[in-house]
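In: Build me a structure from this.
(2 chains)
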Amino acid sequence: DTGVSQNPRHKITKRGQNVTFRCDPISEHNRLYWYRQTLGQGPEFLTYFQNEAQLEKSRLLSDRFSAERPKGSFSTLEIQRTEQGDSAMYLCASSPRAGSYEQYFGPGTRLTVT
Amino acid sequence: TQLLEQSPQFLSIQEGENLTVYCNSSSVFSSLQWYRQEPGEGPVLLVTVVTGGEVKKLKRLTFQFGDARKDSSLHITAAQPGDTGLYLCAGAQGFGNEKLTFGTGTRLTIIP
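Out: The predicted structure follows:
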């Protein structure tokens, strides 16, 4: 069990470009969550998956954001036409199953939009 | 709107002292987690409490969930420099709704 991994760890992009982040959850964890954390704040929920099904999306997730978990294993989060306000740490977490409150976080992807 | 308020926001104390961090809400949570986060890293789970009034100990750390499941506290005894970090509480509101609502965090600095 190697824990949750995220790639890349850091991404610098110019405003208007598209970016994609990847999250690999702990093996056999059914649930996968995405959160966003800005400086000085706690993480905020974006979306989550039960296997390959996306069950909920936050109002924070504008139309420029899309997340997938095609085979119920790894997940990707894409941001189209990035804006400076998208600069944040994007965190992924996984948990074993529905009803399991423990979530295990990856190291995050730090996005900087210039 | 942040549903979980943490206090204090910043705390700087000498090594060996005791401290308590608070996490308060007007909402009821089915469970509450405490995490510690280092700069540039993801939060690391310390403990989960699920029963009102529950107390859990992790070495020098004591966690308590309020009787009404609206608040929690973290008490550290004989703080050490290795305890330095951002402490986050996070609540989940129910089975089938395990997404976490986080507090704003308490940044703790232990001075050697």
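In: show me where chain A has strands.
Out: Taking DSSP state E as the criterion, chain A carries its strands at A:5-7, A:10-13, A:19-24, A:31-37, A:44-50, A:53-57, A:65-68, A:75-79, A:88-95, A:104-105, A:109-113.
In: Please apply the same query to chain B.
Out: B:5-7, B:10-14, B:19-24, B:31-37, B:44-49, B:55-58, B:61-65, B:71-76, B:85-92, B:101-102, B:106-111.
In: For those, please prepare TSV with the additional fields mean pLDDT and distance to A:R59.
Out: Backbone N, C-alpha and C define where each C-beta goes, glycine included. Output for the strands of chain B, formatted as TSV (pLDDT from 0 to 100; distance: least, CB to CB, whole Å):
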stretch	mean pLDDT	distance to A:R59
strand B:5-7	95	21
strand B:10-14	97	30
strand B:19-24	97	24
strand B:31-37	95	23
strand B:44-49	95	26
strand B:55-58	96	34
strand B:61-65	97	29
strand B:71-76	97	26
strand B:85-92	96	19
strand B:101-102	94	14
strand B:106-111	97	27
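In: Among these, which comes closest to chain A?
Out: Within the strands of chain B, the stretch nearest chain A is strand B:101-102; the backing value is 3.2 Å (CB to the nearest CB).
In: Each with direction, which strands does that closest one pair with?
Out: The pairing partners recorded for strand B:101-102 under DSSP bridges are strand B:85-92 (antiparallel).
In: so who does residue 72 touch?
Out: No chain in the question, so chain A it is. A:30, A:49, A:51-52 (CB atoms under 8 Å, 6 or more residues apart in numbering or on different chains).
In: sorry, should have said chain B
Out: Counting by CB under 8 Å, 6+ apart, B:S72 has contacts B:22-23, B:32, B:34, B:49, B:63-66, B:89.
In: Out of the residues you listed, who's the most crowded?
Out: Using other CB atoms under 10 Å in any protein chain shown as the neighbour criterion, B:C89 leads these with 32 neighbours.
In: Can you list the low-confidence ranges for chain A?
Out: Where chain A drops to pLDDT under 70, the residues are A:1.
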